[in-house]
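Chemist: just coords:
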């Protein structure tokens, strides 16, 4: 019991110190400015498009998150692109910076255990991102109230809150990856480059490679090709392979939560449409259930990467 209590207290001290450093750091300020300015541009385009529309929409607030007004993508698409940059920017030097400053042995000489140090640093980084995303979420709601003049309903607030929680889980995946690389590589520059390379591969290249791999596993059927439709087996494998990317899991979860008319995230079969009214929104609970597998995938990926970093850090030799 004493060992657990000491570890918890050590993690709390590390958490408070790291959170204070993150919030006051110039790096975090620049990342926040990048996200806020880009998000404001997307929101401006979305608000302009919604104010010009005369159609009544019961989910007007949610449209602020999903309206895609060229040349800018939607607010959610921008966050899917920038959240990994925030997480990588905070996590690529969590551990190796202590090695390079030769302060790690001094910290561990105090009554602070390795697991407390790792947990405190990780939770501080995740809390920093959560605070930033919460402020951004409040800004969206405030701007929607000011410029649209329509108060959001209870279901809209609930769906946007689920969006916020899933976005934090999404950030946790990339923060865990950045922290793992900061343990593997002693050079912060190498850790940052590898993390950015993995992010670019999973975000940009993998969506283009997954269909090619799916066609190699399940070749297209000429009978479906003659009708001008994709082979169902190829489509299923394509979607399965694309879900190895956290960005795809985040996008699918956002589609289910922020678009109430979404009934499925995979191929649509006739029995799924039986008794359904086309265009009718799903209840909040059913939308959450559709997004639940993707959310669990993000949480599982976060846990696996964190555990891998934890095991490597426990086995590392610390020198003065």
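Modeler: Looks like it came in fine. Only a predicted model underlies this, so the values are computations on that prediction, with no experimental measurement involved. Residues are numbered from 1 along each chain as shown.
Chemist: residue ranges of the strands in the stretch 1-150 of the chain, please?
Modeler: Using DSSP state E, counting those that start in this stretch, no strands are found in the stretch 1-150 of the chain.
Chemist: Where do the helices of it begin and end?
Modeler: 2-24, 26-52, 60-66, 75-91, 96-100, 104-109, 114-148 (DSSP state H, counting those that start in this stretch).
Chemist: tell me the mean pLDDT over the last one?
Modeler: For helix 114-148, the mean per-residue pLDDT is 89.
Chemist: again, but for the first one
Modeler: The average of the pLDDT scores along helix 2-24 is 73.
Chemist: The third one now?
Modeler: Per-residue confidence for helix 60-66 averages out to 83 on the pLDDT scale.
Chemist: Contacts for it next, please.
Modeler: The contact list for helix 60-66 (CB atoms under 8 Å, 6 or more residues apart in numbering) reads 43, 46-47, 50, 57, 74-76, 140-141, 143-144, 148, 150, 152-153, 156-157, 159-160, 163, 254, 258-260. Every C-beta, even on glycine, is put in place using the N, C-alpha and C of the backbone.
Chemist: May I see the buried residues of stretch 16-34?
Modeler: Residues 18, 19, 22, 28, 31, 32 are the ones in stretch 16-34 that count as buried (16 or more other CB atoms under 10 Å).
Chemist: thought the fifth one was touching residue 85?
Modeler: To tie it back to what came earlier, the one meant is residue 31. Yes - under the criterion of CB atoms under 8 Å, residue 31 makes contact with residue 85 at 6.9 Å.
Chemist: so where's the protein shaky on pLDDT?
Modeler: Applying pLDDT under 70 to the chain flags the ranges 1-9, 53-57, 105, 109, 266-279, 318-320.
Chemist: one more time with 50
Modeler: Judged against pLDDT under 50, the low-scoring parts of the chain cover residues 1-6, 54, 269-273, 275-276.
Chemist: if we can go back for a sec, of the helices of the stretch 1-150 of the chain, which is nearest residue 216?
Modeler: Nearest to residue 216, of all those, is helix 75-91, at 27.5 Å by CB to CB.
Chemist: Neighbours of residue 308, how many?
Modeler: When counting by other CB atoms under 10 Å, one arrives at 16 neighbours for residue 308.
Chemist: roughly how far apart are residue 114 and residue 183?
Modeler: In this view, residue 114 and residue 183 are 11 Å apart by CB to CB, to the nearest Å.
Chemist: what's the overlap in contacts for those two?
Modeler: Taking CB under 8 Å, 6+ apart as the criterion, residue 114 and residue 183 both touch residue 313.
Chemist: quick one: which of the two has more around it?
Modeler: Neighbours were counted for residue 114 and for residue 183 using other CB under 10 Å; residue 183 has more, 22 against 18.
Chemist: which residues does that one contact?
Modeler: Applying CB under 8 Å, 6+ apart, we find residue 183 in contact with 95, 96, 309, 312, 313, 316.
Chemist: so who does the residue nearest the centre of the chain touch?
Modeler: In the chain, the residue lying closest to the centroid (CA atoms, centre = their mean) is residue 170, at 2.3 Å. Going by CB under 8 Å, 6+ apart, residue 170 touches 80, 83, 246, 249, 250, 298.
Chemist: next one: residue 110
Modeler: By CB under 8 Å, 6+ apart, the contact list for residue 110 reads residue 10.
Chemist: Could you do residue 225 as well?
Modeler: For residue 225, the contact set (CB under 8 Å, 6+ apart) comprises residue 231.
Chemist: any idea how far residue 209 is from it?
Modeler: Taking CB to CB, one finds residue 225 at 21 Å from residue 209.
Chemist: just residue 66 next, same as before
Modeler: Note on residue 66: its distance to residue 209, by CB to CB, is 27 Å.
Chemist: Residue 217 too?
Modeler: Distance of residue 217 to residue 209, computed by CB to CB: 13 Å.
Chemist: again, but for residue 79
Modeler: 24 Å.
Chemist: re earlier: with distance to residue 303 as new columns, can the helices of the stretch 1-150 of the chain be given to me in JSON lines?
Modeler: Below are the helices of the stretch 1-150 of the chain laid out as JSON lines (distance: least, CB to CB, whole Å):
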{"stretch": "helix 2-24", "distance to residue 303": "17"}
{"stretch": "helix 26-52", "distance to residue 303": "25"}
{"stretch": "helix 60-66", "distance to residue 303": "27"}
{"stretch": "helix 75-91", "distance to residue 303": "15"}
{"stretch": "helix 96-100", "distance to residue 303": "22"}
{"stretch": "helix 104-109", "distance to residue 303": "24"}
{"stretch": "helix 114-148", "distance to residue 303": "12"}
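Chemist: out of the ones you listed, which comes closest to residue 264?
Modeler: Each of the helices of the stretch 1-150 of the chain was scored for nearness to residue 264 using CB to CB, and the closest is helix 60-66 (17.4 Å).
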